[in-house]
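**Q** Generate coordinates for the sequence data below:
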Amino acid sequence: MFRQVIRRVYTLPFVLLGVAIALFVTSQVLPTDVVRLIVGDSPTPELRAAVEAKLGLDQPVWVQFWAYLGRLFQGDLGVSIRYQLPVSQLIADAIPATLALFGAAAVVAVLIAFPVGVLAARYRGSAFDVVSRALVVVGISSPPFFLGLLAILFFGLQLGWFPVSGRGDPPDLHHLILPALVLGFREAGTTTRVLRASILDELSSEHAKAARARGMSRRYVLMKNGVRPGLIPAVTDFGTTLTELAGALILVEIVFGWPGIGNLLYIGIRWNDFPLVSGTVLFLLIYAVAANLIVDLLYGVIDPRLRG
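**A** The predicted model follows:
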């Protein structure tokens, strides 16, 4: 497990380099007039030449590429075209909002997926099992923006329980609850299904049958022979869910007007703001790698055989 973690850390720079190259190539292919985005629709030739010289756009493409990589290696993500502020500053300002939403959604997903998965396996075929599986299908098949719009319409506008936009000034828990519930419910679906199936598969194994034949209680067999070994595939799926959370996070932040990284990426795409898009994408990539590392470390906690 330790070697796997080290391998992920070593490969991160190469992954970042590949994504940076893809982003730069994309910026060159798209028909975007950066000068018009900055100074308006009718720049004079002199003004256009001055802006291009300041941004280095008058240089050959390969010179621009090496300058771009050089800034990245120095931690300089450039200046946003939309805000005329350093992208690193904009990301730093948005990180607390994104981390708050991500953390709350992860807690909601855990509180839904693991208890519901265990109870659905314990009471297989019951009304609880049927209802929970139906909700899982709804969560898995519904796009996050659709669930967000439904939540805004019902809980925000109809019932008036929660605010429907923003984070609050100052930020408060009341604004966080609704987007966290939407995101957490959406991401809990697959983990619940995997955990239920894994536990049922373990309970039908020979060692579980032998434990019952030795007179072990149903609860003991469920926890010892069903839940514990069944957690490994569930944690694997939950780790994948945490990685995929970045995509759903963008949509939920857009729907709820949440001032996080996803909303910054959306603004960057709308404005053809390459420095902002590049910086936010690289940040989300680092987050995905970090989420996978956390899952790798959790394996050793769940199954001691994987340590070392």
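**Q** which residues does the nearest residue to A288 once chain neighbours are set aside contact?
**A** Distance criterion C-beta to C-beta, 6 or more residues apart in numbering; nearest residue to A288, sequence neighbours excluded, is T243 at 4.7 Å. Just so you know, the C-beta spots here come from the backbone N, C-alpha and C atoms, and that holds for glycine as well. Neighbour list for T243: 288, 291-292 [criterion: C-beta atoms under 8 Å, 6 or more residues apart in numbering].
**Q** do you know how far T243 is from V281?
**A** Distance, T243 to V281, using C-beta to C-beta, to the nearest Å: 14 Å.
**Q** quick revisit: out of the contacts of T243, list just those in helices.
**A** 288, 291-292 (DSSP state H).
**Q** Looking at neighbours, which among the residues you listed is most surrounded?
**A** Using other C-beta atoms under 10 Å as the neighbour test, the ones in helices among the contacts of T243 are led by A291, with 21 neighbours.
**Q** And the pLDDT at that residue?
**A** A291 carries a pLDDT value of 71.
**Q** Disregarding residues adjacent in the polypeptide, which is nearest to P163?
**A** Nearest to P163 is H175, by C-beta to C-beta, 6+ apart, at 5.1 Å.
**Q** Whichever strand or helix holds the one you found - contacts with which helices or strands?
**A** Element membership for H175 (DSSP states H and E) is helix 173-203. Packing contacts for helix 173-203, counted by 3 or more C-beta pairs under 8 Å, 6 or more residues apart in numbering; DSSP states H and E, involve helix 87-122, helix 127-141, helix 144-151, helix 228-256.
**Q** so how far is that helix off the chain centroid?
**A** 14 Å (C-alpha atoms, centre = their mean, to the nearest Å).
**Q** Same question for stretch 249-256.
**A** Here stretch 249-256 is found 11 Å from its chain centre; the criterion is C-alpha atoms, centre = their mean.
**Q** Now it: average pLDDT?
**A** What stretch 249-256 shows for mean pLDDT is 86.
**Q** Residues touching it, excluding its own?
**A** With contact meaning C-beta under 8 Å, 6+ apart, stretch 249-256 is reached by 98, 101-102, 105, 143-145, 148-149, 152, 164-166, 178-179, 182-183, 258-263, 265-266.
**Q** CA atoms only: put that stretch into CSV for me.
**A** Only the C-alpha atoms of stretch 249-256 are listed here, as CSV (Å, rounded to 0.1, in the frame of the first residue of the first chain):
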residue,chain,number,x,y,z
LEU,A,249,-19.7,19.9,-7.4
ILE,A,250,-19.3,22.2,-10.4
LEU,A,251,-23.0,21.8,-11.4
VAL,A,252,-24.3,22.2,-7.8
GLU,A,253,-22.2,25.3,-7.2
ILE,A,254,-23.6,26.8,-10.5
VAL,A,255,-27.2,26.0,-9.6
PHE,A,256,-26.9,27.3,-6.0
